[in-house]
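Colleague: 3D model of this:
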Amino acid sequence: MSSTVVDHADLPPLRLGGRPRRLVPMVVGYEPIPEAVSLHGGSSFRFLMEPVTAVAVVFDEGWVLVDGGFDPARIRDRATRTASFDYENYTPIVPPGDPLVDQIAEAGLDLGDLAAALLTHSHFDHTGAARLLTPDQPLLLQRREWQHVNQTTDARGNFLFHADLDRDGLTLGLLDGDTPLAAGLTAIDTSGHTPGHQSFAVELPERTVVLAGDAADLLDNIEREVRCGSTVGDDGPALADRAISRLASLHRAPSSEVWPAHDPAFPVWSAIVRSR
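Modeller: Got it, this is the predicted structure:
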């Protein structure tokens, strides 16, 4: 069996009421990453212990989840861990328990009220939430990203697990470029890091927050307007330049801020680490 794949336009409206009211940031793991992977022109010798992050966007009624870290089952079993993650100088780290499920519960959120999961891109440190979804809780990704997943014969070399995204009981909703998803929530095209990378603009009562995903791992990417160091395809660098220019412009706009996905010094993520 495999996932049910439908156009986003053919899905029922998301089970959300009202508008976004708050964000619940979560740190669900860690990974050592060379600066050059996150920041074009950065050092290949300097490694950053980068947080693996997820964010719940809570509406007046219902909520959605942006990304989900690793599937802990791949980390806990030694043989699966070795087969999945045995790259030179790479070690995924997941805290005890199930950090995603545990932090969702700590925030007072019910998985039964989850309307959808939103996927920035298909790398394995983002796709772990797919395991939590029921058929009426779609996983929304860009059509180009799904095509990338299906055209990839070297899954290991492209840092993805087909089984996370192609399995019985999972509904995939495919988007094409910038797409309004609900009142106050929009997917925006930030391709380059992967062919169908997307970010999400969330209009909160006092400000707009853009969840950048890996189009901007670090605040340095945004403030210096330097693209990510890892891209896919011949057009990847040019697309990533366009994406970071777009994100930097949004970050400079009044009452708007962009959250980089993997910056260990970014206050949103470092505050979580200090509190636990």
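Colleague: the nearest residue to Ser270 once chain neighbours are set aside and Asp220, how far apart?
Modeller: Excluding its sequence neighbours, the residue lying closest to Ser270 (C-beta to C-beta, 6 or more residues apart in numbering) is Pro264, at 6.7 Å. The way it works is simple: take the backbone N, C-alpha and C, and place the C-beta from them, glycine included. Using C-beta to C-beta, to the nearest Å, one obtains 12 Å as the distance from Pro264 to Asp220.
Colleague: on that earlier part again, and the residue nearest to Ser270, helix, strand or coil?
Modeller: Judged by DSSP: H, G, I helix; E, B strand; the rest coil, the three-state class of Pro264 is coil.
Colleague: low pLDDT regions in the protein?
Modeller: The chain contains residues with pLDDT under 70 at 1.
Colleague: which other helices and strands contact the helix ranked longest in it?
Modeller: As assigned by DSSP state H, the longest helix anywhere in the chain is helix 236-252. Counting contacts by 3 or more C-beta pairs under 8 Å, 6 or more residues apart in numbering; DSSP states H and E, helix 236-252 packs against strand 198-203, strand 208-211, helix 219-223, strand 256-259.
Colleague: can I get these in JSON lines with distance to Asp110?
Modeller: Below are the helices and strands packed on helix 236-252 laid out as JSON lines (distance: least, C-beta to C-beta, whole Å):
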{"stretch": "strand 198-203", "distance to Asp110": "20"}
{"stretch": "strand 208-211", "distance to Asp110": "22"}
{"stretch": "helix 219-223", "distance to Asp110": "33"}
{"stretch": "strand 256-259", "distance to Asp110": "24"}
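Colleague: so which strand or helix has Leu23?
Modeller: strand 17-34 (DSSP states H and E).
Colleague: may I have the very next helix or strand once past that strand as CSV, with CA atoms only?
Modeller: Next helix or strand after strand 17-34 toward the C-terminus (DSSP H and E): helix 35-38. The C-alpha coordinates for helix 35-38 follow below in CSV (Å, rounded to 0.1, in the frame of the first residue of the first chain):
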residue,chain,number,x,y,z
GLU,A,35,28.6,25.6,9.1
ALA,A,36,29.2,25.4,5.3
VAL,A,37,26.0,23.2,5.0
SER,A,38,23.9,25.9,6.6
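Colleague: gap between helix 35-38 and the chain center?
Modeller: Relative to its chain's centre, helix 35-38 lies at 17 Å (C-alpha atoms, centre = their mean, to the nearest Å).
Colleague: which SSE is immediately downstream of it?
Modeller: Next helix or strand after helix 35-38 toward the C-terminus (DSSP H and E): strand 47-61.
Colleague: can you give the contact residues for the helix or strand that comes right after that following strand?
Modeller: Later in the chain than strand 47-61, the nearest helix or strand by DSSP H and E is strand 63-66. By C-beta atoms under 8 Å, 6 or more residues apart in numbering, the surrounding residues in contact with strand 63-66 are 14, 16, 54-57, 104, 109, 113-118, 120, 129, 181-182, 185, 200, 211, 213.
Colleague: quick revisit: and the longest helix of the chain, how far from the chain's centre?
Modeller: Centroid separation for helix 236-252 versus its chain: 17 Å, with C-alpha atoms, centre = their mean.
Colleague: likewise stretch 110-126?
Modeller: Chain-centre distance of stretch 110-126: 8 Å, with C-alpha atoms, centre = their mean.
Colleague: span of that stretch from start to end?
Modeller: Stretch 110-126 has its terminal residues 21 Å apart, counting by C-alpha to C-alpha, to the nearest Å.
Colleague: residues of it that come out buried?
Modeller: Buried residues in stretch 110-126, counted by 16 or more other C-beta atoms under 10 Å: 114-126.
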